[in-house]
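1. the sequence and its predicted three-dimensional model are supplied below.
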Amino acid sequence: MIDMHESEESKMARFVSGLRRDIQDVVELYEYSSLEKIVHLTIKVESQLSKKTSFQKSHNDSFYHLMSIYLFTLISLNNRLLDYNNK
């Protein structure tokens, strides 16, 4: 049964406990006085974590792309050397 008269403090605690753990860890570092402030803080934290994750993913994708080019170049050079030595 839903308690329609739940205290603001209980609502805030329930809200924070339902967040993803990584967001919870950051939100719990701040003091807040209302559910509205927690919601705004949560949105900011989620946005920052999203940007960080996006940067890391693009950085990793770039690294793997460069590695594949590097390996392709090494293989091509190796094949040329083998062709040259076989002549």
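-> Good, I have the coordinates.
2. pLDDT score for the residue nearest the centre of the chain?
-> With distances taken as Cα atoms, centre = their mean, residue 53 lies nearest the centre of the chain, 2.7 Å away. pLDDT recorded at residue 53 is 70.
3. any idea which element it lies in?
-> Element membership of residue 53 [criterion: DSSP states H and E] is helix 35-86.
4. tell me the SS of residue 32?
-> Per DSSP: H, G, I helix; E, B strand; the rest coil, the secondary structure class of residue 32 is coil.
5. pull the contacting residues for it.
-> By Cβ atoms under 8 Å, 6 or more residues apart in numbering, the contact set of residue 32 is 12, 38, 41. Every C-beta, even on glycine, is put in place using the N, C-alpha and C of the backbone.
6. over to it: give its phi and psi.
-> Note on residue 32: its backbone torsions stand at phi -140, psi 150 [degrees, to the nearest 10].
7. let me see the confidence value for it.
-> The predicted local confidence for residue 32 comes out at a pLDDT of 85.
8. now do the end-to-end distance for stretch 23-34.
-> For stretch 23-34, the separation between the terminal residues is 17 Å (Cα to Cα, to the nearest Å).
9. name the residues of that stretch that come out as buried.
-> Along stretch 23-34, these residues count as buried under the neighbour rule (16 or more other Cβ atoms under 10 Å): 23, 26, 27, 32.
10. again, but for stretch 16-24
-> 16, 19, 23.
11. that one: how far from the chain's middle?
-> Mean C-alpha position of stretch 16-24 versus that of the full chain (Cα atoms, centre = their mean, to the nearest Å) differs by 14 Å.
12. what residues does that stretch touch?
-> Here stretch 16-24 makes contact (Cβ under 8 Å, 6+ apart) with 27, 28, 38, 42, 45, 46, 49.
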